[in-house]
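A.B. asks: Pasting the sequence and the predicted model now:
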Amino acid sequence: MTTPVLPPEGDGGAALRPDSAEFPTRASLRRAEAAASGRRVQAAPAARRVLRSDLVARRAAEHRATMAAATVPEVRSRLSVRRSVVSVTVMTVTAGLFGTVALPAFALDQDDPATSEAAAAGAVTDSRIADGQTLAVDAAATGADATRADWSATSQATLDAAAAAAALAAQQQAEQARAAAAAASSASSTSSAGSSAGTGTSSRSMATEAIASSGSTGQAAVYPAALQYVGTPYVFGGATPAGFDCSGFIMYVYAKFGVSLPHSVGSQAALGTTISASEARPGDVVVFNDGSHDGFYAGNGMILDAPKPGGYVSVRPLWTSAVHYVRYAV
């Protein structure tokens, strides 16, 4: 059955299509009946206004439905963006917290040799502090006298130098004994001519006997005589075995061999004969070029001297090359 179709307003010849979606109203039914009966019905203005209101309301409802349908994906899109931002933020914060906690732990990893050594050293220090001992001294205890005595230990270098000097002195004494024997033999062979020499010959004989009785002759006897004073303390201005200074030591030893020297480094150097370093022998005098010090040459670059306040007569290596050597006639 076909639904009656009313002609639209203003055009009585046109008819609505059978598949029209417009809902039939009373006015449309009347128009349909009138069309069927061949009559033309004029729609009232009030009816047209009602139809227009219905059409406007229907289109407004369709528009709202369309807008609502379009708004839902947009809202969903916004919610999705917000959720993504929140997720990224949470992941970033989580990574930062993990790095803050994990990196110091990694830096203090016990597998690191430097960290392990530092920890071991700290443990040793803590153990020493914990196991350390304390010392308590009774207030009633009296302190021992800690002042320095008059003796001191002799170094190994000094002992070695003394032994070498003693060996050298023994060798020199043997040579001197042979020379004395040769001189005695020569003197006995010329005894017949000795009467002509008179007093001079007797004087030389007495000097020879005195040297022979001492076991040494000439320059070679000086160093062994000086070596016996090793360990004597330094005393400023001293010139006796109770205490020597540098020039006082030289003056005292050479006085035993009949050589009178002043108590001054410069004056002692001026009175002797300057010799080269290659000519120097034990017993010659080593004089510092600036006139500040002198001592006995001990051979092999060593010096036997009275060093300075607080020191003792000893044999030690020469510490400078700014020196020259002096020999006295003995």
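C.D. replies: Ah, there it is.

A.B. asks: and Cys82, backbone torsions?
C.D. replies: Not quite, residue 82 is Arg, not Cys. Dihedral pair for Arg82: phi -60, psi -40, per degrees, to the nearest 10.

A.B. asks: actually Thr240, not the one I typed
C.D. replies: Per degrees, to the nearest 10, the backbone of Thr240 is at phi -140, psi 170.

A.B. asks: Name whatever forms a beta bridge with it.
C.D. replies: Taking DSSP bridges as the rule, Thr240 bridges to Gly243.

A.B. asks: Pull the number of nearby residues for it.
C.D. replies: Residues within reach of Thr240, counting by other C-beta atoms under 10 Å, total 11. Where you see a C-beta, it was placed from the backbone N, CA and C, and this is true even at glycine.

A.B. asks: so how far is Thr232 from it?
C.D. replies: Noted for Thr240: a distance of 9 Å to Thr232, by C-beta to C-beta, to the nearest Å.

A.B. asks: Tell me, please, where in the stretch 201-330 of the chain the pLDDT is lower than the cut-off.
C.D. replies: Within the stretch 201-330 of the chain, the set of residues satisfying pLDDT under 70 comprises 201-217.

A.B. asks: where do the helices sit along it?
C.D. replies: Ranges of helices in the stretch 201-330 of the chain, per DSSP state H, counting those that start in this stretch, are 222-227, 246-255, 265-271.

A.B. asks: Give me the buried stretch members for the last one, please.
C.D. replies: Neighbour-count burial for helix 265-271 flags Val265, Gln268, Ala269 (criterion: 16 or more other C-beta atoms under 10 Å).

A.B. asks: still on that earlier bit, quick one: which of the helices of the stretch 201-330 of the chain is nearest Arg64?
C.D. replies: helix 246-255 (125.3 Å; C-beta to C-beta).

A.B. asks: Contacts made by that closest one with the rest, please.
C.D. replies: Contacts to helix 246-255, defined as C-beta atoms under 8 Å, 6 or more residues apart in numbering, come from residues 222, 225-226, 229, 232, 237-241, 244, 260-265, 268, 285, 293-296, 305-307, 313, 328, 330.
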